[in-house]
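# Turn this into a model:
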Amino acid sequence: MQVNTAHAVGSPEYLEMLERIERDKVCPFCVDFCQDKPPTYHPNQILLGTKWWVATPSVRKYKGAVKQFLFVPKTHVLEPWQLPEEAWANLQFVIREVTKMENMPAAAFLMRFGDTDYTGASVVHLHANLIMGVSREEGTEPLLAYIGYQKPE
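This is a model prediction of the structure:
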């Protein structure tokens, strides 16, 4: 399994895309980001690419997010410890560059890895999101990120 359609929240188009990927039996991140060619499944342009990472606008943004970017390693890994130290240093560069390019005064960084039934991720390939909301003011609500499941009380 390369995708988890149970986590296809957001739009019917997103579910259709995941079902197509499931039928094709491929890792969409490997096809779209690890081969240095135009994306097949991901509809957004690549914002920044390095030897180790690709940054692109996310397909599905969290409710209330002003900006949200997807960071994908350009090699198929499932856990962070599978990445070499050089990739981690490069990730810092990519985060800094996207933050500058997109004029983001602040953001949250969320990384997903491992079993998607625990994380709520829809793609089985380590990836991260850089998410920016609005400044806290009267009338604003917290921006909530879907990071997994709560234990029933």
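
# how much space between the most centrally placed residue in the chain and Met101?
In the chain, the C-alpha nearest the mean C-alpha coordinate belongs to Leu70, at 3.6 Å (Cα atoms, centre = their mean). Separation of Leu70 from Met101 (Cβ to Cβ, to the nearest Å): 15 Å. In short, each C-beta sits where N, CA and C put it, glycine included.

# Ok, Gly64 next?
Counting by Cβ to Cβ - Gly64 and Met101 are separated by 22 Å.

# Quick check: mean pLDDT of stretch 64-83?
For stretch 64-83, the mean pLDDT works out to 95.

# Actually, stretch 98-106.
97.

# which outside residues touch it?
47-48, 55, 67, 69, 107, 130, 132 (Cβ atoms under 8 Å, 6 or more residues apart in numbering).

# Strands of the protein, residue ranges please.
48-49, 53-57, 67-73, 108-112, 127-132 (DSSP state E).

# quick one: strands adjacent to the last one?
Just to be clear, that refers to strand 127-132. Sheet pairing for strand 127-132, assigned by DSSP bridges, gives strand 67-73 (antiparallel), strand 108-112 (antiparallel).

# Can you point out the buried residues in the longest helix along the chain?
If you go by DSSP state H, the chain has its longest helix at helix 85-101. Buried residues in helix 85-101, counted by 16 or more other Cβ atoms under 10 Å: 87, 90-91, 94-95, 98-99.

# repeat for stretch 73-81
So stretch 73-81, judged by 16+ other Cβ under 10 Å, has buried residues 73-75, 77.

# Understood, closing this out.
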